[in-house]
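K.L.:
okay, here's the prediction I keep looking at, along with the sequence it came from:
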Amino acid sequence: MTIFNTAKSAPSSRAQTGPFDSSEVPNLDNYADFGAIKLRPVDGMDIRLELDEGSGRVVAVVLDFYQSALQLQAFAAPKTEGLWSEVRAALANSIREQGGVAEERLGSFGPELAAHVPTIDANGAETGRRAIRFIGVDGPRWFLRGMISGAATQDPAAASLVEGLFRSIVVERGGQPIPPRELLDLHVPAGVVTPPMGSLA
């Protein structure tokens, strides 16, 4: 049986520097409201929503910025325990099972996962490798995960900008009972009609 570190993984200044809990941000008027995830749009940012094909449920918010993409997902978590250690190990195992490479390293938010995953064409043949970074922060009763691709996996300037977006996210856990590790509800902001591919750009 594998024993995971259940301590919360987050910068010591998280409540002051983000990502934030909704109780820590007094005014959300300028934020786009996607349900559990709220964010402030900035110039040059395109926002896309990833939908589950079967149910049509929104499962992730994706920010395209500075030749990079940041996929955001928020999950319910225990009050006193963190999920990032367990989630990180599961991601690494999944990547390796697919023939990729995953390495844990220390980043701006604490431990993160740097990976290279195979890219597969329509015939099932491997055409190359794609670099991905997984970052995560355990908050109060929630866990926020970011998947970074594009320039921010290699270029420090792009990485700094994308990490700034992640740091600015506000998570609204809500008061309803939700099992740990369950995806928190996301939705299209009120008044927005979702185009066919789920893009709000």
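P.N.:
All right, it came through fine. Just so we're clear, the structure is a prediction, and the values are computed from it rather than from any experiment.
K.L.:
only C-alpha atoms for contact and neighbour calcs from this point on.
P.N.:
OK.
K.L.:
pull the contacting residues for the nearest residue to L161 once chain neighbours are set aside.
P.N.:
Distance criterion C-alpha to C-alpha, 6 or more residues apart in numbering; nearest residue to L161, sequence neighbours excluded, is Y66 at 7.7 Å. Taking C-alpha atoms under 8 Å, 6 or more residues apart in numbering, we find Y66 in contact with G44, M45, A151, A158, L161, V162.
K.L.:
remind me which helix or strand the fifth one belongs to.
P.N.:
Yep, that's L161 we're talking about. Assessed by DSSP states H and E, L161 sits inside helix 156-168.
K.L.:
report pLDDT for the residue of the chain positioned farthest from its centre.
P.N.:
Relative to the centre of the chain, the most outlying C-alpha is that of N123, 29.9 Å out, by C-alpha atoms, centre = their mean. For N123, the pLDDT comes out at 83.
K.L.:
helix/strand/coil for it?
P.N.:
Look at N123: counting by DSSP: H, G, I helix; E, B strand; the rest coil, its state is coil.
K.L.:
all numbers from here: first residue = 238
P.N.:
In the new numbering, first residue 238, that becomes N360.
K.L.:
what is the end-to-end distance of stretch 402-413?
P.N.:
With C-alpha to C-alpha, to the nearest Å as the measure, the ends of stretch 402-413 fall 27 Å from one another.
K.L.:
run through who's touching it.
P.N.:
With C-alpha under 8 Å, 6+ apart as the test, stretch 402-413 has contacts from 254-259, 262, 272-277, 307, 311, 313, 378-379, 381, 383, 421.
K.L.:
residues of that stretch that come out buried?
P.N.:
By 16 or more other C-alpha atoms under 10 Å, the buried positions in stretch 402-413 come out as L402, F403, R404, S405, I406, V407, V408, E409, R410.
K.L.:
still on that earlier bit, out of the contacts of Y303, which is most surrounded?
P.N.:
V399 (25 neighbours; other C-alpha atoms under 10 Å).
K.L.:
and the residue nearest to the spatial centre of the chain, what element?
P.N.:
The residue lying closest to the centre of the chain (C-alpha atoms, centre = their mean) is G383, at 2.3 Å. For G383, the host element (DSSP H and E) is strand 379-387.
K.L.:
each with direction, which strands does that strand pair with?
P.N.:
Note on strand 379-387: by DSSP bridges, its sheet partners are strand 305-313 (antiparallel), strand 363-376 (antiparallel).
K.L.:
identify each buried residue in the longest one, please.
P.N.:
In this case it means strand 363-376. Neighbour counts using 16+ other C-alpha under 10 Å place A368, I369, R370, F371, I372, G373, V374, D375, G376 of strand 363-376 among the buried residues.
K.L.:
test my guess that the fifth one contacts R342.
P.N.:
What that stands for is I372. No. Counting by C-alpha atoms under 8 Å, I372 does not reach R342; the two are 10.3 Å apart.
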